[in-house]
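Asker: I would like to see how this sequence folds:
(one chain, ligands or ions: 1)
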Amino acid sequence: MSLLIFNVTIFTNNDKVGIISNGALAIEKSQIIAIGPQQDLKKKYSHFSQIDGRGRLLMPGFVNAHMHFYSTFARGIAMQGSPKNFSEILQMLWWKLDSVLDLEAVYYSALVPAISAVKNGITSVIDHHASPNAVDGSLDKIEDALVKVGLRASLCYEVSDRDGQAISDAGLAENERYIKKCQALKNQDEAHLFDGMIGLHASFTLENNTLEKAGALIQNLEKGCHIHVLEDKADQKVTQKKYGMGVINRLRYFQILRPETIAVHCIHLSEKDKDSLAESGAIVVHNPQSNMNNTVGRTDIFGLLERGIRLGLGTDGMSPNLMNDIRAANLIHKHDLRQSTVGWTEIEKMVLQNNPAIFEKVTGQQVGKLEEGALADVILVDYFAPTPLTADNFWGHYLFGIADALVDTTIINGKIVMQNKEIVGIDELAIARKSIEVAKQVWDKF
Ligand SMILES: [Zn+2]
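Answerer: Have a look, this model is predicted:
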């Protein structure tokens with residue numbers, strides 16, 4: 001597709017340009033081919049399909065660096081009893097829910113939040129999936145749902161030994177199969193929407209032989225792991241008791257922590273652990289809403305960033321909409337530390353620089369910047385700045401204005417997936433009705 005978007009204020013999110021007033025952006029196939037003043041581009045690309053932005057803000061789509069699509073059917077579910085701690089939350093909700101998902105439930109639980117993501121300007125998602133009684137082909141089912149919407153993603157299956165060796169091995173095989181499938185397709189088309197990682201649940205549910213196999217797989221496939229790390233103190237306690245070492249030391253021993261690996265949460269780290277994590281080069285993803293909801297603590301984002309760790313932001317399945325976690329991240333650190341000045345530049349860096357850099361590290365694809373040659377993942381937002389907007393004060397505009405504005409149009413890989421706030425080719429009501437039917441079956445088994 002050849003497309004010109006004109007009459008827009010552009011936030012490029014790159015070092016060179018910043019803000020372009022009365023701008024235009026030209027897209028050919030999956031790439032941005034030109035960006036600049038509209039009077040120049042309108043002449044040059046007059047033969048392209050045109051979108052008049054009517055003065056709106058055009059900016060890169062967002063990356064959600066940690067998501068669980070499968071959490072959708074927890075919405076409104078009735079739990080028996082009330083969990084008293086994090087381990088009970090896992091046992092009474094998440095491990096019960098994921099065990100009753102079949103492939104149809106996997107599909108609908110991905111389709112619904114994918115629609116929501118696109119409506120909220122999220123164009124790339126790094127997902128972590130679990131359905132221990134429907135492992136084989138589960139990543140293809142998620143992919144089918146995302147293809148229907150047009151969302152870009154890195155997918156993985158969450159391997160765990162909590163359901164026994166056979167299911168654990170099936171999880172590793174699913175990851176391996178899916179990564180190889182994506183690698184083959186990316187050899188034909190670099191802009192292919194999907195890639196894979198080796199998903200692992202967390203140290204405390206993984207036996208040594210499984211970690212050994214995962215370590216060997218990431219070496220062979222040249223991919224990273226996507227694993228929860230020290231989300232709750234239980235991870236350290238169980239790991240230390242069962243395996244005689246701490247979580248970070250153990251994951252390093254099995255060569256799980258490396259620059260392509262995403263270590264999610266990393267809340268209960270010692271200072272030594274933080275140094276070791278930095279030395280490994282691993283990525284960390286912070287999920288403030290989920291952490292507050294589970295009352296598991298707060299990641300020391302300052303200590304991690306100071307050490308040069310690539311720290312990003314995710315939603316951990318709490319919401320498909322990253323904006324909610326951006327807001328939470330902006331507040332939790334100020335509130336906990338009773339310091340109104342912290343968590344400003346740090347969160348901006350995590351969202352605008354690190355999340356796209358993380359996506360590039362795990363998939364090889366450059367997103368999150370509007371410049372020639374970048375992938376065309378862009379959003380058009382109903383935002384008309386009421387005060388001067390510059391690259392330097394963009395984050396202030398974002399937090400107190402853009403985050404509340406509706407996304408009008410979402411383009412992913414050069415394809416219009418939402419226009420005039422309608423997802424192209426999708427009957428949302430019909431999908432929601434079908435999803436209710438599937439959810440009822442899931443809840444009956446739950
Ligand atoms: Zn998670």
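
Asker: A strand includes Ile167, no?
Answerer: No: under the criterion used here (DSSP: H, G, I helix; E, B strand; the rest coil), Ile167 is helix, not part of a strand.

Asker: any idea how far Val159 is from it?
Answerer: Distance from Ile167 to Val159, counting by CB to CB, to the nearest Å: 9 Å. Glycine gets a C-beta too; all of them are placed from N, C-alpha and C.

Asker: who has more neighbours, these two?
Answerer: Val159 (30 against 16; other CB atoms under 10 Å).

Asker: now the more buried one: closest residue in space, sequence neighbours ignored.
Answerer: Nearest residue to Val159, sequence neighbours excluded (CB to CB, 6 or more residues apart in numbering): Gly171, at 3.7 Å.

Asker: same question, Ser30
Answerer: Leaving aside its sequence neighbours, Ser30 sits nearest to Ala191 (CB to CB, 6+ apart; 3.8 Å).

Asker: any idea of the pLDDT on the one you found?
Answerer: pLDDT, Ala191: 94.

Asker: ditto for Leu389
Answerer: Reading off the confidence values, Leu389 has pLDDT 96.

Asker: repeat for Lys180
Answerer: Reported pLDDT for Lys180: 98.

Asker: may I have the host helix or strand of the residue nearest to Val159 as CSV, with CA atoms only?
Answerer: In this structure, Gly171 is located in helix 165-188 according to DSSP states H and E. Taking C-alpha atoms only, helix 165-188 is exported to CSV below (Å, rounded to 0.1, in the frame of the first residue of the first chain):
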residue,chain,number,x,y,z
GLN,A,165,7.5,-33.2,32.7
ALA,A,166,5.4,-34.1,29.6
ILE,A,167,3.7,-30.7,29.6
SER,A,168,6.9,-28.9,30.3
ASP,A,169,8.6,-30.6,27.3
ALA,A,170,5.6,-29.8,25.2
GLY,A,171,6.0,-26.2,26.1
LEU,A,172,9.7,-26.2,25.1
ALA,A,173,8.8,-27.9,21.8
GLU,A,174,6.0,-25.4,21.1
ASN,A,175,8.5,-22.5,21.6
GLU,A,176,11.1,-24.1,19.4
ARG,A,177,8.6,-24.9,16.6
TYR,A,178,7.2,-21.4,16.7
ILE,A,179,10.6,-19.7,16.7
LYS,A,180,11.7,-21.7,13.7
LYS,A,181,8.5,-21.0,11.8
CYS,A,182,8.9,-17.3,12.4
GLN,A,183,12.6,-17.4,11.5
ALA,A,184,11.8,-19.1,8.1
LEU,A,185,9.1,-16.5,7.4
LYS,A,186,11.3,-13.6,8.3
ASN,A,187,14.0,-14.9,5.9
GLN,A,188,11.4,-14.2,3.2
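
Asker: list the contacts of it.
Answerer: Contact with helix 165-188 is made by 132-133, 135-140, 155-161, 192, 194-199, 207, 210, 213-214, 217, 221, 223, 364, as judged by CB atoms under 8 Å, 6 or more residues apart in numbering.

Asker: how far does that helix sit from the chain's center?
Answerer: The chain centre lies 19 Å from the centre of helix 165-188; the measure is CA atoms, centre = their mean, to the nearest Å.

Asker: over to stretch 94-103?
Answerer: Chain-centre distance of stretch 94-103: 21 Å, with CA atoms, centre = their mean.

Asker: for that stretch, output the C-alpha coordinates as PDB.
Answerer: The C-alpha trace of stretch 94-103 is given here as PDB (Å, rounded to 0.1, in the frame of the first residue of the first chain):
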ATOM      1  CA  TRP A  94      -4.100 -18.100  37.200                       C
ATOM      2  CA  TRP A  95      -3.100 -21.700  37.400                       C
ATOM      3  CA  LYS A  96      -6.800 -22.800  37.600                       C
ATOM      4  CA  LEU A  97      -7.700 -20.500  34.700                       C
ATOM      5  CA  ASP A  98      -4.900 -21.400  32.300                       C
ATOM      6  CA  SER A  99      -5.500 -25.200  32.900                       C
ATOM      7  CA  VAL A 100      -9.000 -25.000  31.500                       C
ATOM      8  CA  LEU A 101      -8.200 -23.000  28.300                       C
ATOM      9  CA  ASP A 102      -8.600 -24.900  25.000                       C
ATOM     10  CA  LEU A 103      -7.400 -23.700  21.700                       C
END
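
Asker: cool, thanks, signing off.
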